[in-house]
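Peer 1: predicted model follows, preceded by the sequence.
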Amino acid sequence: MIKSKLSLSVLLMMLMGSLMFSSCSDDEEPTGGGDDTSTLFEESTVKDGDGIVIENITTITDRGEGVGTMTFTKDKTWVLNGLVFVNSGQTLTIEPGTLIKGKSGQGDNASALIVARGAKIMAEGTAAEPIVMTSETDGGQLPATARGLWGGLIVLGNAGLNSSPGESAIEGIPTSEVRGLYGGSDDADNSGKLAYISIRHGGTDIGAGNEINGLTMGGVGSGTSVSHIEIIANNDDGVEFFGGTVNVSNICISYCGDDNVDYDEGWRGKAQFVFVNQDPAAGDRGGEHDGGTDPEDAMPYATPMFYNCTYIGNGGKRAVTFRDNAGGEYHNSIFVNWDKGVDVEDLPGDGEDSKKRLDAGQLKWMNNIHWDVAGNDATKQIVTASEDASLSDIDLLGGANTGGNKVEDPGLVAGVPSNDVSGTGVSGDAFFKTVTYKGAFEPGKDAWIKGWTKTDADGLVK
């Protein structure tokens with residue numbers, strides 16, 4: 001009888017222990033101490049009617065020490081319970097085909113995955129096995145209008161900003177969280193690799209209208225690799241860059257509730273093959289591009305370069321706005337179905353503004369196609385907007401930094417041009433692929449979003 005009681009006790013202790021462990025290998029132990037300070041990994045299962053396990057679930061609650069150096073494996077569903085950090089010095093690896101879910105909640109209960117400065121994330125999915133980040137309520141059937149159900153993915157780095165004092169607290173998480181700081185002096189900083197990731201149904205509100213973007217990159221350096229990312233049904237912006245020098249390619253942004261591509265604080269990266277696909281009943285600008293915040297004319301200026309974008313609007317709002325001394329360039333791109341074209345802020349007086357960046361050749365709009373934009377009136381495609389909202393025209397077809405643009409129908413079919421949209425190629429920069437067509441997708445071939453995005457699976461591109 002004594003032996004039986006001891007055996008039962010041991011079994012109970014083993015059961016309790018199985019509810020709190022990290023599924024790391026021996027050389028991948030998470031950092032941390034006891035239950036009050038370390039990350040908690042709580043294991044559970046979902047069984048069918050016959051008692052067979054159909055899903056293994058690991059719920060993560062960050063106790064201040066981050067996830068540790070570990071791997072999220074595809075044989076489990078990983079659930080974020082609140083804000084979960086990869087702390088400085090840690091590396092989180094995510095296997096292809098892994099499903100990550102954020103618990104619902106706002107304010108202090110918001111859930112998100114945050115890669116802090118000095119940390120790395122190695123999340124490399126494939127077209128056959130993408131990594132999916134979504135809401136805990138997502139059983140695979142949520143519509144693209146279901147927004148704000150969890151947070152999103154935030155990556156922070158040590159690259160330079162143009163705001164004072166050169167270090168900022170990222171939007172979307174409480175300013176009291178010191179792990180949310182970004183910015184530094186290493187423009188080549190490496191935060192890891194992101195590839196074939198679908199980020200769905202995010203953008204929860206942490207308070208006072210402060211929502212989390214689908215993908216936020218603060219001070220992320222050019223050593224970081226970002227390609228083949230889908231942000232869909234986010235309540236706030238699709239992707240936002242706060243300073244830094246990170247380069248991105250093959251970005252699909254669908255059905256977001258606010259702006260699609262946003263930058264601020266002097267982002268100086270490059271982007272190619274960017275697809276924006278608005279909800280017919282929601283969304284703001286295709287691009288909201290700000291140069292600086294405090295002060296607006298601080299160096300380095302925001303001068304990112306975009307090639308081969310396709311921005312499909314819903315008949316309202318503006319295709320792109322440049323303001324707060326933002327520069328930037330768009331080449332070989334297609335803009336369809338916007339109420340207004342491109343706004344370039346022109347402030348009174350002799351101070352620095354986006355019109356100055358245009359005149360200096362640090363803002364360019366070259367060899368692009370507009371269709372169903374501003375009533376197809378060529379004189380209204382690119383305008384300068386002064387502080388009093390009066391408008392003056394810029395020569396769309398022949399300006400020194402606005403040349404080669406056309407108002408013509410690209411004949412989009414599921415986002416792919418069917419008419420002749422010959423491009424000018426790219427030269428002099430190793431990051432950009434040299435192509436001879438305009439827009440995000442090559443005519444006559446399947447779009448690169450096929451097979452791994454919810455945008456494609458739900459047939460959202462008309």
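Peer 2: On my side now, so go ahead. Numbers count the residues shown, from 1 in each chain.
Peer 1: so where do the helices sit in the chain?
Peer 2: Assigned by DSSP state H, the helices in the chain fall at 2-18, 354-359, 454-457.
Peer 1: neighbours of the closest residue to Val79 other than its chain neighbours, just the number please.
Peer 2: Nearest non-adjacent residue to Val79, counting by CB to CB, 6 or more residues apart in numbering: Thr59, 4.4 Å away. Just so you know, the C-beta spots here come from the backbone N, C-alpha and C atoms, and that holds for glycine as well. Other residues near Thr59 number 18, with proximity taken as other CB atoms under 10 Å.
Peer 1: who does Thr59 bridge with?
Peer 2: Glu42, Val79 (DSSP bridges).
Peer 1: swap in Gly192?
Peer 2: Ile121.
Peer 1: need the contact list for it.
Peer 2: Shown in contact with Gly192 (CB atoms under 8 Å, 6 or more residues apart in numbering): 91, 115, 120-123, 155, 224-225.
Peer 1: returning to that earlier point: contacting residues around the residue nearest to Val79?
Peer 2: Neighbour list for Thr59: 40-42, 44, 79, 81 [criterion: CB under 8 Å, 6+ apart].
Peer 1: and what of Glu230?
Peer 2: Counting by CB under 8 Å, 6+ apart, Glu230 makes contact with 197-200, 251-254, 449, 452-455.
Peer 1: in CSV: these, plus distance to Trp150.
Peer 2: Below are the contacts of Glu230 laid out as CSV (distance: CB to CB, whole Å):
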residue, distance to Trp150
Ile197, 15
Ser198, 14
Ile199, 10
Arg200, 9
Ile251, 20
Cys252, 19
Ile253, 17
Ser254, 17
Ile449, 22
Trp452, 21
Thr453, 19
Lys454, 15
Thr455, 19
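Peer 1: can you list the low-confidence ranges for this protein?
Peer 2: In the predicted model, the chain carries pLDDT under 70 at residues 1-38, 207-209, 387-393.
Peer 1: pick out the residue nearest the middle of it.
Peer 2: Leu215 (2.6 Å; CA atoms, centre = their mean).
Peer 1: quick one on the thing from earlier: which of the contacts of Thr59 count as buried?
Peer 2: Those of the contacts of Thr59 that meet the buried threshold are 40-41, 79, 81, by 16 or more other CB atoms under 10 Å.
Peer 1: let me know the closest of these to Gly238.
Peer 2: Nearest to Gly238 among the buried ones among the contacts of Thr59: Val79, at 23.7 Å, using CB to CB.
Peer 1: let me see the contact set for the closest one.
Peer 2: Residues counted as contacts of Val79 (CB under 8 Å, 6+ apart) are 57-60, 100-103, 136.
Peer 1: from Ser164, how far out is the spatially closest residue to Asn235 that is not a sequence neighbour?
Peer 2: Nearest residue to Asn235 in three dimensions, chain neighbours excluded: Gly203, at 2.9 Å (CB to CB, 6+ apart). Separation of Gly203 from Ser164 (CB to CB, to the nearest Å) stands at 28 Å.
Peer 1: neighbour count: these two, which is higher?
Peer 2: Gly203 (26 against 12).
Peer 1: which ones are touching that one?
Peer 2: Neighbours of Gly203 in contact, by CB under 8 Å, 6+ apart: 147-148, 151-152, 211-214, 234-236, 256-257.
Peer 1: tell me who's in contact with Ile282.
Peer 2: Quick fix: residue 282 is Ala, not Ile. 145, 255-257, 314.
Peer 1: what does Arg179 give?
Peer 2: Going by CB under 8 Å, 6+ apart, Arg179 touches 66, 85, 87-88, 114, 116.
Peer 1: circling back to that earlier point, wait, which of the contacts of Gly203 is closest to Val373?
Peer 2: Nearest to Val373 out of the contacts of Gly203 is Cys256 (CB to CB; 19.6 Å).
Peer 1: what is the burial count for the closest one?
Peer 2: 30.
Peer 1: for Ala169, name its beta-bridge partners.
Peer 2: Beta-bridge pairing for Ala169 (DSSP bridges): Leu181.
Peer 1: how about the strands of the stretch 201-350 of the chain, start to end?
Peer 2: Under the criterion DSSP state E, counting those that start in this stretch, the stretch 201-350 of the chain contains strands at 215-218, 225-232, 239-242, 247-254, 261-264, 270-277, 287-290, 305-312, 318-323, 328-331, 334-338, 340-345.
Peer 1: please disregard the earlier target; I meant the stretch 351-462 of the chain.
Peer 2: 363-366, 369-373, 382-385, 391-393, 398-399, 402-403, 406-407, 412-413, 416-417.
Peer 1: one more: the stretch 51-200 of the chain?
Peer 2: Ranges of strands in the stretch 51-200 of the chain, per DSSP E, counting those that start in this stretch, are 53-61, 70-72, 77-80, 83-86, 91-94, 99-102, 112-115, 120-124, 131-135, 153-156, 168-169, 181-182, 192-200.
Peer 1: Val383: which of these is closest?
Peer 2: strand 168-169 (31.3 Å).
Peer 1: centre of the chain to that closest one, how far?
Peer 2: Centroid displacement of strand 168-169 relative to its chain, using CA atoms, centre = their mean, to the nearest Å, is 18 Å.
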